[in-house]
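Engineer: let's see this in three dimensions:
(chains A, B, C and D)
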There are 4 protein chains.
Amino acid sequence: MASSENEPIMWFKEKVTPWDIYAHAIDCVLAQQKTAYQEMYIVESGSYGKGLILDGRWQSSTADEFLYHEALVHPAAICHGEPRKVLVLGGGEGATIREVLRWKTVEKIVMVDIDGEVVTACRQYLPEMHQNAFDDPRLELIIGDALKFLDSASQEWDIIISDLSEPVESGPSFQLFTKEFFAKIQRVLMPNGFFVLQAGALLPIQLTLHARLARTLNSVFDNVQSYHSYIPTFGTPWGFLLGSALSIDPRPDPEVTDKLLAEKTSGGLRMFDGTTMLGIFQQAAHIRKAIEEETEVYTISKPPQLSQGLLGGR
Amino acid sequence: MASSENEPIMWFKEKVTPWDIYAHAIDCVLAQQKTAYQEMYIVESGSYGKGLILDGRWQSSTADEFLYHEALVHPAAICHGEPRKVLVLGGGEGATIREVLRWKTVEKIVMVDIDGEVVTACRQYLPEMHQNAFDDPRLELIIGDALKFLDSASQEWDIIISDLSEPVESGPSFQLFTKEFFAKIQRVLMPNGFFVLQAGALLPIQLTLHARLARTLNSVFDNVQSYHSYIPTFGTPWGFLLGSALSIDPRPDPEVTDKLLAEKTSGGLRMFDGTTMLGIFQQAAHIRKAIEEETEVYTISKPPQLSQGLLGGR
Amino acid sequence: MASSENEPIMWFKEKVTPWDIYAHAIDCVLAQQKTAYQEMYIVESGSYGKGLILDGRWQSSTADEFLYHEALVHPAAICHGEPRKVLVLGGGEGATIREVLRWKTVEKIVMVDIDGEVVTACRQYLPEMHQNAFDDPRLELIIGDALKFLDSASQEWDIIISDLSEPVESGPSFQLFTKEFFAKIQRVLMPNGFFVLQAGALLPIQLTLHARLARTLNSVFDNVQSYHSYIPTFGTPWGFLLGSALSIDPRPDPEVTDKLLAEKTSGGLRMFDGTTMLGIFQQAAHIRKAIEEETEVYTISKPPQLSQGLLGGR
Amino acid sequence: MASSENEPIMWFKEKVTPWDIYAHAIDCVLAQQKTAYQEMYIVESGSYGKGLILDGRWQSSTADEFLYHEALVHPAAICHGEPRKVLVLGGGEGATIREVLRWKTVEKIVMVDIDGEVVTACRQYLPEMHQNAFDDPRLELIIGDALKFLDSASQEWDIIISDLSEPVESGPSFQLFTKEFFAKIQRVLMPNGFFVLQAGALLPIQLTLHARLARTLNSVFDNVQSYHSYIPTFGTPWGFLLGSALSIDPRPDPEVTDKLLAEKTSGGLRMFDGTTMLGIFQQAAHIRKAIEEETEVYTISKPPQLSQGLLGGR
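Structural biologist: Here you go, the predicted model:
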């Protein structure tokens, strides 16, 4: 049967919404595994380099993961100014800890990921992402349940980063986006600490998850800053939420940020600096409005239910 | 043959890159026409409302066009402060002039669009977009060539807005993204005027077009500000460029913007306000770097050639 | 956003199985309607001419419907030899009655289709299919329920043709593929009459529907012949079943068939003749085996349930 | 990003025509290799078992390859009646030689395949296809050029089977579908021998390749029989051509065939028997007409050019 050989033939399809599919051509599958928790692929994509896919959702790609991981880690670190102890929940690729390790002030990182098989595969197949961060002596890697870890942890963390995959019902991180979970976080966070989580897509037709997560976080932390980054492989802008007992400057001075970065980090950032931080903290009016008007809070008894229609009303 | 009836069956596919396809489910085709210049579809999409598609490329959708059109129009107007005469090139949907008409200071708009068939279809099928802007007595609609119009125009415009579709080689706006064209713009722009154009995707693998357009604009206007908005139906963040003989504040004070908007416009904005303007002017570091390092300028003899590989190296 | 203009952008996708999608490029949508019974599209396709799609399933295309409609009608007519009264159930496109009308012996056709809106649209948009068959004075068109018609009909039919769409649960023809229905057919069929129905795909991974329909038909008619035709727009070979109280020659002599066709029809056939009839009656060994080994019969209380896994085991 | 986990995410797309895509869900990629001649994938598909894909075209799947390989091999063997020496060109999966080896009369098979890397991969990953045929002492496997082999071969072959992939211009078998090549075949075929080749799709919009191959074969062999089989993973019916100096019975008696099969083969056939052979030899009228009306012959100077429009006019 005839076919143009120049066209890609192997494609990964992701439903961004039930009516929108983003498909990426794949050069080859580097690893494929049904772990105890999820279905994992590590692939070489046509335009975004290597990618990690869990349960059918693109988690990250080497060509643009910097847009996600730099945005996830550095705002919290800048707000704190002197992070020494950092707790990372999830983040199997090792790119989140890579960014944390840029901070020369950091003395100890604990990374807790439930899926050791994913971590092992990422260490083997995604060196571009972790850049040997797993070998840093400051890191303690714990394969285990974030909830259990938090229950036995003590209050010592300057920064806690939730880099958990989306709260899809059947996924492993389903209950880690609730008020109860955020309260556990607060218990082990230092009084001057900062908690940050990746917090869902910012499509105009799909703002409910982010807005409710903002409200939920605000039910635990007095101060919450919503911000964003653009992740092309996701096909959508992405939201983040920063919470703290301390107030958070909504218009952080770029020069101050740049000075802190120069002094306290080892450099190497690609998307993040003072100007970027000022920019990503300025959410557009419709996103701020969605957060302001949201009234519901996610709890263990009423957690996010992506499969039941958060993706837009219709 | 069996098929799940709940799944959409009619899809529009757009190649964002040769290795990435964004497909949108379509409920119905409202209009379809091969005009003298391009192939036009107006469709009802599954998740983004009505959409206009020209030569296979999504131009705008009712669900998120505000993210494009508000970002296109208002920064230039805010920079100017008192726009009275505005020239719009392209913008067949009528949403660009809708945004311009929010400015109570505006006395005269001329909109020049080459494709009268597209304008007619948009007037009929996309009232959500134009919101009767075509009936405003301040508007003069000219169906014709932007180049010819500029050649016979006089220097009177406070703001000129280029809302032209992408410079694909076979499309109608191929040469309107060159130094020579920008010079024609400059000739008819008031000394304190501002020129703005939509200026391509901001994918990290695809920054060349935007960066060269920035350089090209800077070869004509002393001051150029690159900024962005995220358009979900495009699947990518989108770039804009603002040029002027006057300097442009890279960190516009949100309160000043909000005061201007309150005084001089009739309101109704959804994404744009002072905070948004501050945010979208802060391009991330890798985008600023791409612009700084770019050296080439588009000219009539060396125009953009999207089909020849601007979409990323590989 | 860039896209190759030469590539089709509008596609209809049909799931042939949950793991196999057949997608056809569409030039334009000629008609689209949610009727009282089903969702209908009439489209101009890229390679198969005009197509009728009901509830997401391709019913027929002008480029290859002759492979379906000639195969559906003429074997029964040849077996009978002198059909005068023909009853057609379904067949909204008018192509089935077109084939019946080629028989000069035919004095009366009644076509019963439940969906008048589909018939009306086909008459308007698919003249290539019906070729004015609806205007033939021998035809009586009844918009109504096949079941009700059969209950009040008398035994007079030489041939009864079931051209009903697939027995998908939510579709209108769900119960018309059962033993009880076939018994109603038998009651109104002349003792020397022939009943034929379209009877599902013949994929090796998907033979259950055809095999059970064969068994079901055989529980009512002493003699059953399974045969096939290849319908490219379906992406699969297609099965038919012929039932009668009379015996059916499994190796019909091509010369006899050709002589009958020459004498009794007005000609114009494209795929069907004596050689073709001999060929399509010879089912391959694996299909005969599936029918022989099948033991279940569809009844009103246990009808076909395509959505529950008939499409192949896995 | 949310996505239904139940839906397949990895897909292989094949363009059957420029306007028709057949996509198969893939469970995993077993092997992927850029050989010296072509790009090879061996995959586990969602519904058709394991599949071999060369240069983007599905070659065979474990779930339905019997429909191809039995149809390719046995008609020629039946026509001959007592095949002792068989030459197979191509057929890397080993399924063609598996079928040849069912004939107890066979004393010697030579299989010539140009791509040793594909053969090695098939031996390793597709045991369901070759069923250890490569280990049979009657087989001599030659990795090399079919043309060169023929030039130095002597006239001894009872059956020659061309199981070469489609004559796409950039593929390895481009010139093996010409009059000159068929003449080389004839030179080494016994006077009572039979030559058979797989000969393209039989879509009504795409009959040119098959019809011209039939004419080309007929310019070398006095007697040519066109026949077909339906291969679901191809999405189309498939054509074969049988050529000989001896006449070929167009309506082979099923009982005679079945008797030969019972006496001379070791059994195990799934689709092929006397009835099947009678059926697949009866091409439908439109296919016979296309062959009769065809006048062109493929030569070295005017070979098949699939990429230049054989796929249908439009």
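Engineer: check which helices and strands the one helix or strand A:L278 maps to sits against.
Structural biologist: Following DSSP states H and E, one finds A:L278 within helix A:274-281. Packing partners of helix A:274-281 (3 or more CB pairs under 8 Å, 6 or more residues apart in numbering or on different chains; DSSP states H and E): helix A:65-80, strand A:223-231, helix A:254-264, helix B:274-281, helix B:285-293. All C-beta spots, glycine's among them, are computed from the backbone N, C-alpha and C.
Engineer: mind checking which of the ones you listed is nearest D:G51?
Structural biologist: Counting by CB to CB, D:G51 lies closest to helix A:65-80 out of the helices and strands packed on helix A:274-281; the figure is 32.4 Å.
Engineer: got the angle between the closest one and helix A:274-281?
Structural biologist: 90 degrees (axes from the mean of the first three to the mean of the last three CA atoms, to 10 degrees).
Engineer: what angle sits between helix A:65-80 and helix A:254-264?
Structural biologist: Inter-element angle recorded for helix A:65-80 and helix A:254-264: 90 degrees (by the same axes, to 10 degrees).
Engineer: is helix A:65-80 positioned near chain D?
Structural biologist: No: applying CB under 8 Å from any CB of the partner chain, one finds helix A:65-80 out of contact with chain D, separated by at least 12.0 Å.
Engineer: immediately after that helix, which helix or strand?
Structural biologist: Counting by DSSP H and E, the next helix or strand C-terminal to helix A:65-80 is strand A:85-90.
Engineer: just checking, what packs against the next helix or strand after that next one?
Structural biologist: Using DSSP H and E, the helix or strand that follows strand A:85-90 in sequence is helix A:95-101. Under the contact criterion of 3+ CB pairs under 8 Å, 6+ apart, helix A:95-101 touches helix A:65-80, strand A:85-90, strand A:108-113, helix A:127-130, strand A:157-163.
Engineer: buried stuff in helix A:95-101?
Structural biologist: For helix A:95-101, burial by neighbour count (16 or more other CB atoms under 10 Å in any protein chain shown) applies to A:95-101.
Engineer: before we move on, what about stretch A:73-84?
Structural biologist: A:73-80, A:83-84.
Engineer: just give me how far that stretch sits from the chain centre.
Structural biologist: Distance of stretch A:73-84 from the chain centroid (CA atoms, centre = their mean, to the nearest Å) equals 16 Å.
Engineer: what's in contact with it?
Structural biologist: By CB atoms under 8 Å, 6 or more residues apart in numbering or on different chains, the surrounding residues in contact with stretch A:73-84 are A:96, A:99-100, A:103, A:105-108, A:158-159, A:161, A:192-196, A:225, A:227, A:240, A:242, A:244, A:246, A:248-249, A:252, A:257, A:260-261, A:264, A:269, A:272, A:277, A:280-281.
Engineer: ok, the residue in the stretch 1-150 of chain A that chain C sits nearest to to D:E14 distance?
Structural biologist: With CB to the nearest CB, the shortest gap between the stretch 1-150 of chain A and chain C falls at A:E7, namely 9.5 Å. Shown here: A:E7 relative to D:E14, a distance of 10 Å by CB to CB, to the nearest Å.
Engineer: next one: A:D27
Structural biologist: 17 Å.
Engineer: please say which of those two ends up with more neighbours.
Structural biologist: D:E14 (21 against 16; other CB atoms under 10 Å in any protein chain shown).
Engineer: quickly find the element holding that one.
Structural biologist: Per DSSP H and E: strand D:10-17 holds D:E14.
Engineer: the helix or strand just after that strand: partners in the sheet, and parallel or antiparallel?
Structural biologist: Downstream of strand D:10-17, the first helix or strand assigned by DSSP H and E is strand D:20-34. Using DSSP bridges, strand D:20-34 pairs in its sheet with strand C:20-34 (antiparallel), strand D:10-17 (antiparallel), strand D:39-45 (antiparallel).
Engineer: quick one on the thing from earlier: between A:E7 and D:E14, which contacts overlap?
Structural biologist: With CB under 8 Å, 6+ apart, A:E7 and D:E14 have common neighbours D:G56.
Engineer: show me where pLDDT drops low in the stretch 51-200 of chain A?
Structural biologist: Applying pLDDT under 70 to the stretch 51-200 of chain A flags residues A:166-173.
Engineer: what does it put close to chain B?
Structural biologist: A:63-64, A:66-67.
Engineer: if we use 7 Å, what do you get?
Structural biologist: By the rule CB under 7 Å from any CB of the partner chain, the part of the stretch 51-200 of chain A lying against chain B is A:63-64, A:67.
Engineer: may I see the PyMOL selection of the buried members of those?
Structural biologist: Buried subset of these, written as a PyMOL selection, criterion 16+ other CB under 10 Å:
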select buried, chain A and resi 63+64+67
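Engineer: now the residues of the stretch 51-200 of chain A next to chain B in a markdown table, with distance to B:V112?
Structural biologist: What follows is those, written out as a markdown table (distance: CB to CB, whole Å):
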| residue | distance to B:V112 |
| --- | --- |
| A:A63 | 39 |
| A:D64 | 37 |
| A:L67 | 37 |
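Engineer: list the contacts of the residue nearest to A:S154 when sequence neighbours are not counted.
Structural biologist: Sequence neighbours aside, A:V188 is the residue nearest to A:S154 in space, at 6.6 Å (criterion: CB to CB, 6 or more residues apart in numbering or on different chains). A:V188 is in contact with A:150, A:153-155, A:157, counting by CB atoms under 7 Å, 6 or more residues apart in numbering or on different chains.
Engineer: switch to 8 Å and redo it
Structural biologist: A:87, A:150, A:153-157, A:160.
Engineer: okay if I get those as TSV plus neighbour count?
Structural biologist: Converted to TSV, those look like this (neighbours: other CB atoms under 10 Å in any protein chain shown):
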residue	neighbour count
A:L87	27
A:L150	19
A:A153	19
A:S154	7
A:Q155	11
A:E156	14
A:W157	23
A:I160	26
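Engineer: chain D: which of those is nearest?
Structural biologist: Out of those, the member with the shortest distance to chain D (by CB to the nearest CB) is A:I160, at 23.4 Å.
Engineer: from memory the closest one sits against A:G193, does it?
Structural biologist: Yes: using CB atoms under 8 Å, A:I160 makes contact with A:G193 at a distance of 6.9 Å.
Engineer: tell me which of the helices and strands packed on helix A:274-281 is the most buried.
Structural biologist: A comparison of the helices and strands packed on helix A:274-281 by mean neighbour count, using mean count of other CB atoms under 10 Å in any protein chain shown, puts helix A:65-80 on top with a mean of 26.
Engineer: what angle separates that one from strand A:85-90?
Structural biologist: Per the same axes, to 10 degrees, the angle that helix A:65-80 makes with strand A:85-90 is 150 degrees.
Engineer: count of neighbours near the residue of the stretch 51-200 of chain A at minimum distance from chain D?
Structural biologist: Taking CB to the nearest CB, chain D has its nearest neighbour within the stretch 51-200 of chain A at A:G56, 4.4 Å off. Using other CB under 10 Å, A:G56 is surrounded by 23 other residues.
Engineer: quick check: phi and psi on it?
Structural biologist: Dihedral pair for A:G56: phi 80, psi 0, per degrees, to the nearest 10.
Engineer: surely A:Y41 touches A:D55?
Structural biologist: No: using CB under 8 Å, A:Y41 is not in contact with A:D55, being 9.8 Å away.
Engineer: of these two, who's got more company?
Structural biologist: A:Y41 (24 against 21).
Engineer: skipping adjacent residues, who's closest to the more buried one in space?
Structural biologist: Closest residue to A:Y41 apart from its sequence neighbours, by CB to CB, 6+ apart: A:I53 at 4.2 Å.
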